Each structure stands twice: as C-alpha cells, then as structure tokens.
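**Q** Structure here, sequence nowhere to be found:
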C-alpha cells in the first residue's frame, strides 16, 4: 500500500497510513484533531484491512471518541455552572427538598419539617445580602454582614428595636447548615465560611407563657374566633404536637375506634402513634361530621386563615376576643426577661399540664419528642404553679366548642365504642 493512500468518509474522520498502521484523525467537539490507530482495540490487522473495514472502523472510533469528549465537556460545564451557583438558588434547592432528592440521605439530609421556617429566615435576612453571590465566593466577612444587618432588617420589617437572641441563634444555625451542605454533598466549596465565633448566645432564660385550663376552655367557646382555629388550638394543647405536625395531620391518622392519633410528619422525622383523651376524640368526631366526612387523605386542620408568620399574633388576638386579658399572655410588655406568647406555647401548655398530671418523661416524649433537661426544668416549675393553684389539667372537651355540640347527637354513630367502654 502506498504511504499516501487515504480514504475519506463524511462525518467519520480521515483514515491515513503511517508507520505501518492505519490511523484515523478525528475532529472532536473541543476543536482538537487527535489520531487513533484503527487496530487499537485488538490484534493489528492493518496489512489485511479492506476499505470497507477501514471505513467501518473510522466511523466507530470517531463516534465513540466524539461521545466521550462531548460527555466530558458537559460534565465540566455543569461543574463550572455549579461553582457559580448563587446562595439563593442553592438555598432554595435545600428548603424545597430538591437537594435531598438529588443526593439522598447523606450529611443528615432528609425531608425537613421546618423547611418553611428556614426558607423564611433565608428570604428575609440572607438573600437580600448574599442571594446573588456565588456560594463559592461567600466569605466570613459576608456572614458577619448578614448577622449585623439582621438587626436593622428586623426593625424595618417588623418594627422591632432588635432581633431576639433566640432568633439570632436560629439565623446563625440556618446559615451554618446551608454552607455545611455546600461543602458536602454540594461540593461547591472546600470549607464553610460560617465560623463558630459568630455563634450568638441563646439569651438569658425568660418567663414563658402557658394557658390555664379555664383559659383554654374560654378560648374554645368563643364564637368570635374562627371554628377551624379553635379546633387547631384544642389539638395543640391536648396532643403537644408541633405546628408542622398539626398542619400535616390527615383523617387517616385518626383512629376513632381505638382513640389514637398517628402523626407521620415530625421535626425529627420519626412517626408518632399515641392515645388521645376520649373527649378530644369526640370533638374530632364532631369536627369530622362538620367537615362533611372528608376522605382519609384530607387534612384535619382546615379553615385556618392565618399566614405562618402571624400565628402568634392571631393567638393573642383570639385570647383577647375570648376575654382573656392576663398580662403574661396578651400584654405588650417589653421586658427582656419575659417571652411574648407564641403559638409554640400551646405545646408548652401541654407539657406543663402533663407534668402537673404526674405523667412521666416517656409518656411526654411519645407525644412531643425529645426535651432537653433545661426545658424539663422550666416546665416543671410551671407545673408546680398549677399545683399550688390547685388547677386540674386536661379538663373534658365535651361541649367545649358550642357549634360542634349543636350538631345532632347521631354524630357519634361514626365512632365505634372504644375498647373498655360499655
């Protein structure tokens, strides 16, 4: 064969004879034109290779090498784009659950019950400062700026003179978690820019609010408060579930026959199943009828027309509508060591009542999840106040919500007699 023998085939590359072998010169997507020996994949057959075989080999090698280079280019381009991924885009991937779907259960990733709270903190305090910055470019100084400006943003957005210590701590924790995920599994940077020295104190212990049994009954009887909200308040006080768990409850989780409640969504990710008081079960049965006997997938809590960030304010307003004027609950105190009543304090009410009733840590934890020793001590002090006042916890809810007890008595026909009852 002559040394200048060549064959060209459109779209496959150029075959040429060099140094005793056939080679193919391939135009690749990265604008290079390397040569590959046609007999590279097996025993050399260059001397006996026909024109048809050369053309076939040229085409196969060209297509394979172009595909490999194209895939590598796509991978590199994706990596470059991810390196420029902005803080807001990455934060939204985290809080929306997209990051969990992409990577699975790594680095503690899971479906997050408090994702809305984190999304709220990021949107209010972090994105306005860092949202358009690439994750890889954020520095410790930028994190300091967010923490510093959070004070002025709180004053501007909420009319507060300063951000509460607990809120500052939660903001720090949120950013710490976000940038830890940016390191792994995000692989957007080598280390986190959120240093431990910026971690704020939680603040000094405060006097927290909880409701007396008579106040809960007065709240539930008040017709000026929307019916759906009163059912929500009853569930919160008598089960101790967190807000996210309450809003996720479905009718399929209410077992009228055995008097149990199943909660599949919790902050810790652990499902819960526990017994509920018979009077709460009756209230839910009547609420079930009021709602038109919805499907098992329907939410138990509905008709609660309050935005997430206004639930505490709505609760305080509802207490005032019910004629409850106790300063610890609805007062406008500015004392640094007094905590204004929050929706979360309905859960605190449950724990306080449970301790007053002599329930053990296991019984309480089955319903509320883990409680720190510090929190147990706080609730124990409040329980002693109830004992001193001779208040009996968990009063019967029969007739507590007038509209539900105005329904026909045959509502209870949807319930099978509970075990142990006549």
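**A** Done, it's in. No experiment lies behind these values; they were computed from the predicted model shown. Residues are numbered from 1 along each chain as shown.

**Q** What is the end-to-end distance of stretch 110-123?
**A** Using Cα to Cα, to the nearest Å, the end-to-end distance of stretch 110-123 comes to 21 Å.

**Q** I would like the residues contacting that stretch, please.
**A** 88, 91-92, 94-97, 100, 170-171, 174, 177-178, 242, 244-245, 248, 265-267, 269, 308-309 (Cβ atoms under 8 Å, 6 or more residues apart in numbering). Any C-beta I mention is one placed from the backbone N, CA and C, and that applies to glycine too.

**Q** List the buried residues in it.
**A** 112, 113, 114, 117, 118, 119, 121, 122 (16 or more other Cβ atoms under 10 Å).

**Q** confidence score at the third one?
**A** According to the predicted model, the pLDDT of residue 114 comes to 75.

**Q** Could you number the chain from 865 rather than 1 from now on?
**A** I'll keep to 865 as the first residue from here, and by that count the last item is residue 978.

**Q** And it, how far from residue 996?
**A** 25 Å (Cβ to Cβ, to the nearest Å).

**Q** cool, and residue 1033?
**A** Counting by Cβ to Cβ - residue 1033 and residue 996 are separated by 26 Å.

**Q** Between the two, which is the more surrounded one?
**A** Taking other Cβ atoms under 10 Å, residue 1033 and residue 996 do not tie; residue 1033 has more neighbours (16 against 11).

**Q** And the strands in the chain, which stretches?
**A** Using DSSP state E, the strands of the chain run over 870-873, 877-882, 885-889, 899-901, 1118-1119, 1124-1127, 1136-1139.

**Q** Packed most tightly, which of those strands would that be?
**A** Of all the strands of the chain, strand 885-889 has the most neighbours on average by mean count of other Cβ atoms under 10 Å, namely a mean of 20.

**Q** Please name every helix or strand in contact with that one.
**A** strand 877-882, strand 899-901, helix 915-947 (3 or more Cβ pairs under 8 Å, 6 or more residues apart in numbering; DSSP states H and E).

**Q** re the thing from before, mind putting the strands of the chain in JSON lines, distance to residue 1072 and mean pLDDT included?
**A** Shown next, in JSON lines, are the strands of the chain (distance: least, Cβ to Cβ, whole Å; pLDDT from 0 to 100):
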{"stretch": "strand 870-873", "distance to residue 1072": "81", "mean pLDDT": "42"}
{"stretch": "strand 877-882", "distance to residue 1072": "76", "mean pLDDT": "79"}
{"stretch": "strand 885-889", "distance to residue 1072": "77", "mean pLDDT": "85"}
{"stretch": "strand 899-901", "distance to residue 1072": "74", "mean pLDDT": "85"}
{"stretch": "strand 1118-1119", "distance to residue 1072": "30", "mean pLDDT": "96"}
{"stretch": "strand 1124-1127", "distance to residue 1072": "24", "mean pLDDT": "95"}
{"stretch": "strand 1136-1139", "distance to residue 1072": "24", "mean pLDDT": "93"}
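
**Q** what's the closest of these to residue 1088?
**A** Among the strands of the chain, strand 1118-1119 comes nearest to residue 1088, with 27.2 Å by Cβ to Cβ.

**Q** who's in contact with the closest residue to residue 1018 other than its chain neighbours?
**A** Spatial nearest neighbour of residue 1018, excluding adjacent residues (Cβ to Cβ, 6 or more residues apart in numbering): residue 1027 at 4.3 Å. Contacts for residue 1027 (Cβ under 8 Å, 6+ apart) come out as 1014, 1015, 1018, 1035.

**Q** Residue 1027 and residue 1178: what is the separation?
**A** Distance, residue 1027 to residue 1178, using Cβ to Cβ: 22 Å.

**Q** Over to residue 948?
**A** Separation of residue 948 from residue 1178 (Cβ to Cβ) stands at 42 Å.

**Q** cool, and residue 1160?
**A** Taking Cβ to Cβ, one finds residue 1160 at 28 Å from residue 1178.

**Q** Residue 957 now?
**A** Taking Cβ to Cβ, one finds residue 957 at 31 Å from residue 1178.

**Q** Low-confidence bits of the stretch 915-1064 of the chain, can you list those?
**A** Scanning the stretch 915-1064 of the chain with the threshold set as pLDDT under 70 gives 939-947, 977, 1020-1026.

**Q** what about residue 1048, how many neighbours?
**A** Residue 1048 has 11 neighbours, counted by other Cβ under 10 Å.

**Q** who's in contact with it?
**A** By Cβ under 8 Å, 6+ apart, the residues touching residue 1048 are 970, 971.

**Q** that older thread, can you redo the strands of the chain as CSV, where the extra columns are distance to residue 1190?
**A** CSV is the format used below for the strands of the chain (distance: least, Cβ to Cβ, whole Å):
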stretch, distance to residue 1190
strand 870-873, 90
strand 877-882, 86
strand 885-889, 88
strand 899-901, 84
strand 1118-1119, 32
strand 1124-1127, 29
strand 1136-1139, 30
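
**Q** Out of those strands, the one nearest residue 1102 is which?
**A** Counting by Cβ to Cβ, residue 1102 lies closest to strand 1124-1127 out of the strands of the chain; the figure is 9.6 Å.

**Q** rewinding a little: which one of the buried residues of stretch 974-987 is nearest residue 1218?
**A** Residue 1218 lies nearest to residue 977 out of the buried residues of stretch 974-987, by Cβ to Cβ, at 21.7 Å.

**Q** Go through the helices and strands packed on strand 885-889 and name the closest to residue 970.
**A** If you check each of those against residue 970 by Cβ to Cβ, helix 915-947 wins as the nearest, at 16.5 Å.

**Q** Please tell me how far residue 888 sits from residue 914.
**A** 15 Å.

**Q** just the helices in the stretch 1065-1214 of the chain please.
**A** Ranges of helices in the stretch 1065-1214 of the chain, per DSSP state H, counting those that start in this stretch, are 1077-1085, 1091-1103, 1107-1112, 1142-1154, 1175-1185, 1191-1194, 1209-1220.
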